[in-house]
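> What follows is a predicted protein model with its sequence.
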Amino acid sequence: MDSREQQDRREARRKKRLRSQIMVYTVFLLVILALGTGIGYGVYALANGRKVAEEKEQDNQELIEEMLATEESLPSVEPTPEPTPEPTPEVVEPTREEKLDAYVDERIAQMPLEDKVAGLFVVRPEAITGVGTAVQAGDGTRQALEANPVGGLIYFDQNIQSEAQLKEMLENTARYAKYPLFLAVDEEGGTVSRIGSSIGPKTDSAGAIGETGNPENAYQAGAAMGTALYGLGFNVDFAPVADLANVEGSIMEGRAYGSDVSVVSSFVNAMVRGLQEQKVSACLKHFPGMGSATEDTHDGKVSTDRTAEQFWAEELAVFQAGINEGADMVMVSHMAAPTLTGDNEPSIFSRTLVTGILREQMGFQGVIITDALDMGAISQYYAADEASIMAVLAGCDMLLMPEDYEKAYTGVLEAVRSGNIDEERINDSLRRIYRIKYADMVQ
């Protein structure tokens, strides 16, 4: 290769290196220029952003000041208080007594008037069945109770043949009844003993028990009677005698626990507890106390000359003790007590005695029942309907054994229909009756 050719190649390589250097410098300058431009823009943007932020802050501050100024110019408004919630009323559970009252009222409200009036009577089973002597309860008893839904039935010696017979009769009778029945008996002990004289157990008379001086004996007698009676199907015993045998030849001699008020009261109370703890209602008799009488109301009219002061200090004090003990029932006698009643009419007809003294002054709220209305002191002088109406008007709740049940029932029913007896008066008696009958139905 000649020198000219070599020279040309070196010149070409030099020019190529020069171009490469120029491109490198150009790129470098472009990079430097871009960086400078970016930095300048960033500085500008930063400066401009700060300015914008300062302007925005100033605008916001002006807006806040404007709002504050506006708020100060507005009238002040008190904040609306939160409403106080009404207290939740306390739910009071009704008492057992209130539940029982409501239960009884509901059932009485469903009764027709005819049934209400029938519910005041306690009669022998023969009085509604028409049989000579009732010793069983079958279709005749069922039909009789449907037609005559009486409040109770009372049984005597002639109705009792055996324990099994009596129990079956009472069970069937209770089952056939349209409404709960009082199934009653006179079981005092001693000679007045329907169960004891036939199927047992036999207990001593009140007089004999009183002579022991120990009221516990009266309690044991009552518990034994109550157990036997309840087991047979009875729920009412017309006992104990709360009379005082306090005169020579007293008609209540032997049937009363004695003549001393405090002693007799303790025996009466013990007997009441013994019976009622066995779910047999006790009935104090014969209000206001006929131990001062020497004649028998079975035979005719009887009166006493005891003063009102003597009654309150003695006879009525015994009944008050029995009432306080919780006896379910009180039987009012046919004896006249003029110093208490103001007349010589039988005690069952005296509103002063039955309502004023027994119900209001002595506070008895249980069932007041008459003594048997077929006794001579009533049946010889008053018609069955007349006697029943007068006893209801006096305040008696139940009418025991009228001489003519149909006549007595019709008379009271017509007296209510005519307005001579207020129906609410009948309802009041039924409330007392059914509070006993339904006592175990409400817890």
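Alright, I've got the coordinates. Numbering: from 1, shown residues only.
> Surely residue 184 forms part of a strand?
Yes. The assignment for residue 184 (DSSP: H, G, I helix; E, B strand; the rest coil) places it in a strand.
> Which residue, other than its chain neighbours, is closest to it?
residue 236 (3.9 Å; Cβ to Cβ, 6 or more residues apart in numbering). For glycine as for every other residue, the C-beta is placed from the backbone atoms N, C-alpha and C.
> same deal with residue 206?
Computed as Cβ to Cβ, 6+ apart, the closest residue to residue 206 that is not its neighbour in sequence is residue 257, at 4.8 Å.
> So the residue nearest to residue 298 when sequence neighbours are not counted versus residue 231, what's the distance?
The shortest distance from residue 298 to any non-neighbouring residue, by Cβ to Cβ, 6+ apart, is to residue 375 (5.0 Å). Distance, residue 375 to residue 231, by Cβ to Cβ, to the nearest Å: 30 Å.
> Those two: which has the busier surroundings?
Neighbour totals were compared for residue 375 and residue 231, and residue 375 leads with 22 against 11 (other Cβ atoms under 10 Å).
> so that one touches residue 297, yeah?
Yes. Taking contacts as Cβ atoms under 8 Å, residue 375 lies within contact range of residue 297: 5.4 Å.
> what do these two both touch?
Common neighbours of residue 375 and residue 297, counting by Cβ atoms under 8 Å, 6 or more residues apart in numbering, are residue 334.
> Next, the contact list for the residue nearest to residue 366 when sequence neighbours are not counted, please.
What sits nearest to residue 366 in space, not counting adjacent residues and going by Cβ to Cβ, 6+ apart, is residue 328, at 5.0 Å. Neighbouring residues of residue 328 by Cβ under 8 Å, 6+ apart: 236, 276, 281-283, 366-367, 436.
> Can you tell me which of these are classed as buried?
Buried by 16 or more other Cβ atoms under 10 Å: 236, 276, 281-283, 366-367, 436, out of those.
> Now flag whichever of those residues is closest to residue 391.
Of all the buried ones among the contacts of residue 328, residue 391 sits closest to residue 367, with 13.1 Å by Cβ to Cβ.
> in the sheet, who's paired with the closest one?
residue 329 (DSSP bridges).
> my guess is it meets residue 397, correct?
Yes. Under the criterion of Cβ under 8 Å, residue 367 makes contact with residue 397 at 4.9 Å.
> so what's in contact with those two at the same time?
Here residue 367 and residue 397 have 429, 432-433 as joint contacts, going by Cβ under 8 Å, 6+ apart.
> Just put those residues in CSV and tack on pLDDT, distance to residue 240 and secondary structure.
As requested, those are exported to CSV (pLDDT from 0 to 100; distance: Cβ to Cβ, whole Å; DSSP: H, G, I helix; E, B strand; the rest coil):
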residue, pLDDT, distance to residue 240, secondary structure
429, 98, 23, helix
432, 98, 20, helix
433, 98, 21, helix
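> Show me the two of the contacts of residue 328 that sit farthest apart.
Farthest-apart pair in those is 276 and 367; separation 13.3 Å (Cβ to Cβ).
> can you pull the pLDDT of residue 194?
The model reports residue 194 with a pLDDT of 91.
> again with the one 10 residues further on
We have a pLDDT of 95 for residue 204.
> Residue 268: neighbouring residues, count only.
Residue 268: 30 surrounding residues under other Cβ under 10 Å.
> looking at this, it is in a helix?
Yes. Checked against three-state DSSP, residue 268 lies within a helix.
> Distance to residue 204 and neighbour count for the shared contacts of residue 367 and residue 397 - can I get that in a markdown table?
Formatted as a markdown table, the shared contacts of residue 367 and residue 397 follow (distance: Cβ to Cβ, whole Å; neighbours: other Cβ atoms under 10 Å):
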| residue | distance to residue 204 | neighbour count |
| --- | --- | --- |
| 429 | 35 | 21 |
| 432 | 32 | 18 |
| 433 | 32 | 25 |
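> okay, those residues in a markdown table with distance to residue 122 next?
What follows is the shared contacts of residue 367 and residue 397, written out as a markdown table (distance: Cβ to Cβ, whole Å):
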| residue | distance to residue 122 |
| --- | --- |
| 429 | 12 |
| 432 | 14 |
| 433 | 10 |
